[in-house]
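Chemist: the amino acid sequence is not available; the structure is as follows:
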Ligand SMILES: Nc1ncnc2c1ncn2[C@@H]1O[C@H](COP(=O)(O)OP(=O)(O)OP(=O)(O)O)[C@@H](O)[C@H]1O
């Protein structure tokens, strides 16, 4: 039913009234913010005026402390108010441009009055103080808008479910305070609006989707009460978008108790982190913490190893097929990513409770002062029913006492005397003062000299022992690398731990490869998590209890071992895990579901599937879904566009020249972000060299930290999660994408395209394109 002109006018009048209210509130808020700011400046300027500083007399010192504390509290309260006001000002300014995007007319059962409810980015209260002119999109009642079309409807509130009838659902596109379009819709949220949003050009930052959240996405956003929420969704189905709006929802829903830094998102790479970093601020919230699993591993391991990263591992997997030892390494990768290997490590730890711990000698000035043998003997002399970490605590106490004894003896060594002679004047003076303070000086100058020497010797030795004591407290006397290495170097140990389990067929080779790397101070990516797990199980898990929600995006690229490890790192957290098996590109992917089945009890786990894909035009989705088994279940959002093209090139020179011409045509047509996607870093480098003299472009590498518009060359596995106006696949040949494990890579690359997709190949085209 079309909306009459008269009604449209009335709608614009309402928008105008709302904007007037926003203007008034903005004015008041600006004034208040100004006062608070002046207050802050004033307090900072006169901070010390109102504080009486007197530290000589103990009671006055306490008073001084209290008065400083009071001043600081007043200041920090004002600063908090100022930050809050700034945030609200920012939101209201945005609201003024586009006050709301939706309206529902709802009649609650038992009530004969219909309430019009308008939804926007944040709530706006009428000046009467109790009516809402705009409801926050995250308010309980706003759920109706996303979940229902006209007819019976209900929503949950903290106090129960409210039922009623939704009389009307209307959508608005308001820009700069003017209604640009307006339509009534049924169940799905305005195809018109989605068409408009999705038809726009790619940006170098992800956008918010609050005006067009779809029903199944809303379920993800508002899910509560599960320890684990699994989202399995096709490429472009809005998994990342739903995750980010969910973060905003959680921050709103639990605003009294939850801070943004208690939410942690694992992202696939730093560029992706930068790509999504503006979404939360746009929604008026602080950003959650973000990290990559690689960053975590590096932080933990870089002091001891040269750590291979996940991308170097993928690069190896995709380029080293003809190197010796390749198939053994692949077997090793799969095994070390499995829960079988985790169990094997568990049994290893159980055995270590009885015997076999490996310690390092504690050395001082190159000499062993407490031998590994004695440490081991002492460790196993403690009550065997105590856990390993508990016994290590006892061991630390014992070692510190031993060090103390040793330090005392050491004071008489000639090196100490030599160092005393080299001490500076200031230290001598300090010793003098110390002895004077203690009234230790006598009239006997020989005695006095002795005393001074003793004190200086104590200081010299203490200083030299300091790193040793710190090392003991940090458990540096345990030889974790040797413990891990032994599993691969000593068949007796691995056989004791494996019990009925089957080791990889080429175990001997896997073991030899592992030992060889460890001996060179290297740790392969597949060893990093198991190594850390062993370390944590021995030393005691250093878990993070502050984090309340963990989000894992691109979850198909995590191994079962990694999931279980992450779970133990965050014992108090609820998990939201988002992935697409068809995009799994890591060699450790199990291929049968996200490796999550045993992570939590089934009653604590919910799974939501997204099958509708929004990123690409219908022709692109119809083309890409043919590349993967079960692709027919992916539903394209009905957006028209050009058919993808597949073009053969005669050779590399021809390929480069064809692509250069194509990029120029695309740029002339107004496309801003164009990605030439190579299979690997190696191929992307080659493409970059071939194209760079004719078109300005940027090569994206694993270290690249930010995402920019323009023409880029990017390896397929780094393009995860991001999107471009146009994708040009550099070489979709049989040679590059002929093996089964290359299918997902091709699919991932092609599904990055929003509006146009063009593939080139040399020789035979990939079988997945036939
Ligand atoms: N409800 C929606 N309204 C508007 N745009 C949407 C909606 N859902 C998804 N999109 C858009 O679709 C595109 C893909 O979304 P997103 O990146 O969240 O998908 P994804 O499932 O994480 O994709 P992939 O797995 O391929 O990385 C984005 O441009 C996003 O803005």
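Modeler: Alright, I've got the coordinates. Just so we're clear, the structure is a prediction, and the values are computed from it rather than from any experiment.

Chemist: spell out which parts of the stretch 101-250 of the chain neighbour the ligand.
Modeler: By Cβ under 6 Å from any ligand atom, the residues of the stretch 101-250 of the chain that approach the ligand are 194, 197-198, 207, 209, 212-214, 217, 233, 235-241. From N, CA and C alone the C-beta is placed, and that goes for glycine too.

Chemist: so which of the residues you listed sit within strands?
Modeler: The strands, defined by DSSP state E, take in residue 233 from those.

Chemist: need the buried ones from the residues of the stretch 101-250 of the chain next to the ligand selected in ChimeraX.
Modeler: Buried members of these, identified by 16 or more other Cβ atoms under 10 Å, are gathered into one ChimeraX selection as follows:
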select :194,198,209,212,213,214,217,233,235,236,237,238,239,240,241
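
Chemist: among the residues of the stretch 101-250 of the chain next to the ligand, name the ones in helices.
Modeler: 194, 197-198, 217, 239-241 (DSSP state H).

Chemist: so, low pLDDT: which residues of the stretch 51-200 of the chain?
Modeler: Using pLDDT under 70 as the threshold, the predicted model of the stretch 51-200 of the chain has low-confidence ranges 51-56, 186-190.

Chemist: the longest strand in this protein is where?
Modeler: When secondary structure is assigned using DSSP E, the longest strand within the chain turns out to be strand 160-175.

Chemist: which is the next helix or strand following that one?
Modeler: Using DSSP states H and E, the helix or strand that directly follows strand 160-175 along the chain is strand 178-184.

Chemist: what's that next one packed up against?
Modeler: Contact here means 3 or more Cβ pairs under 8 Å, 6 or more residues apart in numbering; DSSP states H and E; on that basis strand 178-184 packs against helix 5-45, strand 160-175.

Chemist: most packed of these?
Modeler: Among these, the stretch with the highest mean neighbour count (mean count of other Cβ atoms under 10 Å) is strand 160-175, at a mean of 17.

Chemist: hang on, the earlier thing: turn the ones in helices among the residues of the stretch 101-250 of the chain next to the ligand into TSV, including distance to residue 564.
Modeler: Compiled in TSV, these are given as follows (distance: Cβ to Cβ, whole Å):
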residue	distance to residue 564
194	39
197	39
198	38
217	28
239	22
240	24
241	28
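
Chemist: hmm, residue 514 and residue 329 touching each other?
Modeler: No. The criterion here is Cβ atoms under 8 Å, and residue 329 misses it with residue 514 at 9.5 Å.

Chemist: still on that earlier bit, other SSEs contacting the longest strand of the chain?
Modeler: For strand 160-175, the contact count by 3+ Cβ pairs under 8 Å, 6+ apart identifies strand 102-108, strand 151-157, strand 178-184, helix 191-198 as packing neighbours.

Chemist: give me the contact list for the longest one.
Modeler: Helix 191-198 is touched from outside by 101, 171, 173, 181, 183, 185, 207, 209, 211-212, 614-615, 637-639, 754, with contacts defined as Cβ atoms under 8 Å, 6 or more residues apart in numbering.

Chemist: which among the helices and strands packed on strand 160-175 is found nearest to residue 708?
Modeler: The closest of the helices and strands packed on strand 160-175 to residue 708 is helix 191-198. By Cβ to Cβ, the value is 21.7 Å.

Chemist: roughly how far out does that closest one sit from the chain middle?
Modeler: 30 Å (Cα atoms, centre = their mean, to the nearest Å).

Chemist: cool, and stretch 84-94?
Modeler: Its chain's C-alpha centre lies 27 Å from the corresponding centre of stretch 84-94 when counted by Cα atoms, centre = their mean.

Chemist: check whether residue 113 really touches residue 107, as I assumed.
Modeler: Yes. Using Cβ under 8 Å, residue 113 is in contact with residue 107, at 7.2 Å.

Chemist: who's more crowded, those two?
Modeler: Residue environment comparison for residue 113 versus residue 107 gives the larger neighbour count to residue 107, 15 against 6, counting by other Cβ atoms under 10 Å.

Chemist: least confident of the helices and strands packed on strand 178-184, on average?
Modeler: Mean pLDDT is lowest for helix 5-45 out of the helices and strands packed on strand 178-184, coming in at a mean of 88.

Chemist: what residues are up against the closest residue in space to residue 748 that isn't next to it in sequence?
Modeler: Excluding the flanking residues, the one nearest residue 748 by Cβ to Cβ, 6 or more residues apart in numbering is residue 583, at 4.5 Å. Applying Cβ under 8 Å, 6+ apart to residue 583 gives the contacts 235, 554, 556, 720, 744, 747-748, 751.

Chemist: before we move on, back to that, I'd like the helices and strands packed on strand 160-175 as CSV, with distance to residue 628 appended.
Modeler: As requested, those are arranged in CSV below (distance: least, Cβ to Cβ, whole Å):
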stretch, distance to residue 628
strand 102-108, 35
strand 151-157, 37
strand 178-184, 35
helix 191-198, 22
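
Chemist: tell me which of those lies nearest to residue 465.
Modeler: Distances from residue 465 to each of the helices and strands packed on strand 160-175 were compared by Cβ to Cβ, and the smallest falls on strand 151-157, at 62.2 Å.

Chemist: name the helices or strands packed onto the closest one?
Modeler: Packed against strand 151-157 by the contact rule (3+ Cβ pairs under 8 Å, 6+ apart) you find helix 143-147, strand 160-175.

Chemist: need these in CSV (columns: distance to residue 118).
Modeler: Conversion of those to CSV gives the following (distance: least, Cβ to Cβ, whole Å):
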stretch, distance to residue 118
helix 143-147, 10
strand 160-175, 9
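
Chemist: out of the ones you listed, nearest to residue 285?
Modeler: helix 143-147 (18.6 Å).

Chemist: quick one: the closest residue to residue 452 other than its chain neighbours from residue 294, how far?
Modeler: For residue 452, the nearest residue in space outside its immediate sequence neighbours is residue 431; the separation is 5.5 Å by Cβ to Cβ, 6+ apart. Remark: distance between residue 431 and residue 294 (Cβ to Cβ, to the nearest Å) = 50 Å.

Chemist: ditto for residue 83
Modeler: When residue 83 is compared with residue 294 (using Cβ to Cβ), they lie 33 Å apart.

Chemist: same deal with residue 428?
Modeler: Relative to residue 294, and taking Cβ to Cβ, residue 428 is found at 51 Å.

Chemist: right, I'll leave it there.
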